[in-house]
Each structure stands twice: as structure tokens, then as C-alpha cells.
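A.B. asks: I'd like to go over a predicted model; first the sequence, then the structure.
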Amino acid sequence: MNEKSCKLCSNRSSATNFLNDKELKMLEESCVDVKFHKGDVIFRQNALSSNIIFVKSGLVKIHITGPEREQILKIIKGPIYLGIPTTLGDKVNHYSATALMETRVCFISLDSFKDFIASNSDFAYEIITELCKNELGHFDHCVNQVQKQSQGRIAESLCFFAEDIFNELNFSLPLSRQEFGDLTGNSRESVSRILANLNSDGVISLNGKNIEILDMERLRSIRKNG
DNA sequence: GCATTAACCACAG
DNA sequence: CTGTGGTTAATGC
């Protein structure tokens, strides 16, 4: 609750559990808390990156302008680190991050982050573990994206929102049809059509952006086979 | 050939 | 911004 104190912050990362009081104080002094609204860009592709970013709460899309069109790489929900690879991996960002709803973010100075890595191996190990999990997730996602057909990818995303983001079968899609297409590698028209079909087949109940999953069994089956 | 899948275009709310 | 219909190209029986 206390926004000034990292020690008392309820949204802080698991890695910071390995920091002692003195280090937490250091973190506090090298950290700026910023609030973003829906549609605000947190950082932009090709711009210089110089901070470690931690999403305390909210929803963020990570997207990249590819050779053909826009691609949403993933959608993340706080609390989670954002963009460590693009901050440490190169001078400029390889992708953009945009808030999909009200989002609270901490910008942490790269110098203190590096200090923690250098001096606290538990902290470093925790960070590496998170990066590893991310890469594994990307591999799975990549194969699914390439090998499944349209409705399978849509079903996959619907399950993702229900199970990983909202923990609810009934939710409001935080994306336009175009963005949902960018996320699932479909045209916006295909997204409309497939959602309409799932609706008429009774798998989901569709009302604009409001979606309720009625038949999770069939949705899972479409995700698996389609 | 014929069917299926999915993108592109156009047009209407 | 969305939904729908027609068209078209690629792929697979």
C-alpha cells in the first residue's frame, strides 16, 4: 500500500525478497513510480532504453512493428518485470510497450539494478530464472503460433485471457478486433468471423468486447486441434 | 476437379 | 472501429 517504500510495497517482485533492508533502501532511492493510462506508450521501439521497468499493477501489450505489419508479442499483467531483455540486450528497444488499462510502473535505474546483480547472487538467480521461464514460454507460443490455424490461435488467446489474465470465464477483451488480430496473427476480418462462429456455436457468448466462455471443453479442444 | 482456409477489398452501420 | 459478403490464392484430398 505504501507507495513510497519498497520495503512495504505489496506488489514488489519476488527477487526483491532477497534484498536486505539496506538494499531495499537503495532501490527505493533509485526508483520512480509512474502511472500510465490506457493507450499510453511506456517505451517505444527504436528509442534508447536506459531503465529497468517493473510493472506493479495493470496490463501491458508488448508489440513490435514487423516488416509487414504490427505484431503483438505478448500481453503481460503486473506484478512483473518489463523489458529486461531490451534494456540489457541492446542500446535501443527492439519492441514497444503500451498500457492496455490503468497501469502502475516503477522505473529503476540501471546502475542500481546492476549493483544488485553483482552483489547479491540470490537476487540475480531469481531474475535469471524469470528470464528463463519467459524464454520457454516464448518457444511454446512460437510453435503454437506457427503450426495452429486461425481458430486454434484465437481459442488459445481466449483461454489465455480467461485463465492467466482475468481468472474469470467472463471478461471484457482489452483489445480492439484489429489488435486481437495482431496478437493472434489473423486479419481483423478473420477475428470477427471466428468470434461470431464461436458465438453461434455456443462455445462463447459474445457481446462487443464482452466475452463469456460457455463451453471450456470445446474451446480447449479447438485450441488443441484447430 | 472440389472443398477448405484465410487474406484482401468494399461497403454499411 | 466492426461486421458481412464477394473474391481470390494456396493447399489438400
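C.D. replies: Received the coordinates, thanks. Numbers count the residues shown, from 1 in each chain, chains lettered A, B, ... in the order given.

A.B. asks: roughly how far is the helix or strand bottoming out on mean pLDDT in chain A from the heart of the chain?
C.D. replies: Every helix and strand of chain A was ranked by mean pLDDT, DSSP states H and E. The lowest is helix A:21-29, at a mean of 90. Distance of helix A:21-29 from the chain centroid (CA atoms, centre = their mean, to the nearest Å) equals 26 Å.

A.B. asks: Give the buried residues for it.
C.D. replies: A:23-24, A:26-28 (16 or more other CB atoms under 10 Å). All C-beta spots, glycine's among them, are computed from the backbone N, C-alpha and C.

A.B. asks: which residues sit against it?
C.D. replies: By CB atoms under 8 Å, 6 or more residues apart in numbering, the residues outside helix A:21-29 that reach it are A:4-7, A:16, A:19, A:108, A:112, A:115-116, A:120.

A.B. asks: just checking, next helix/strand downstream of that helix?
C.D. replies: The helix or strand immediately downstream of helix A:21-29 is strand A:31-36, counting by DSSP states H and E.

A.B. asks: avg pLDDT for the following helix or strand past that following strand?
C.D. replies: Using DSSP H and E, the helix or strand that follows strand A:31-36 in sequence is strand A:41-43. Average pLDDT, strand A:41-43: 97.

A.B. asks: Tell me the helices and strands packed up against strand A:41-43.
C.D. replies: strand A:96-99 (3 or more CB pairs under 8 Å, 6 or more residues apart in numbering; DSSP states H and E).

A.B. asks: Quickly name whichever of the buried residues of helix A:21-29 is closest to A:A97.
C.D. replies: Nearest to A:A97 among these, counting by CB to CB, is A:L27 at 21.1 Å.

A.B. asks: ok, and for the lengthiest helix in chain A, which residues are buried?
C.D. replies: The longest helix of chain A (DSSP state H) is helix A:121-147. Across helix A:121-147, burial judged by 16+ other CB under 10 Å covers A:123, A:126-127, A:130, A:134, A:145.

A.B. asks: before we move on, back to that, which ones, among the buried residues of helix A:21-29, also lie beside DNA strand C?
C.D. replies: The subset of the buried residues of helix A:21-29 within reach of DNA strand C, by CB under 7 Å from any atom of the strand, is empty.

A.B. asks: Using TSV, lay out the residues you listed together with distance to A:R69.
C.D. replies: Shown next, in TSV, are those (distance: CB to CB, whole Å):
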residue	distance to A:R69
A:E23	44
A:L24	43
A:M26	43
A:L27	39
A:E28	42
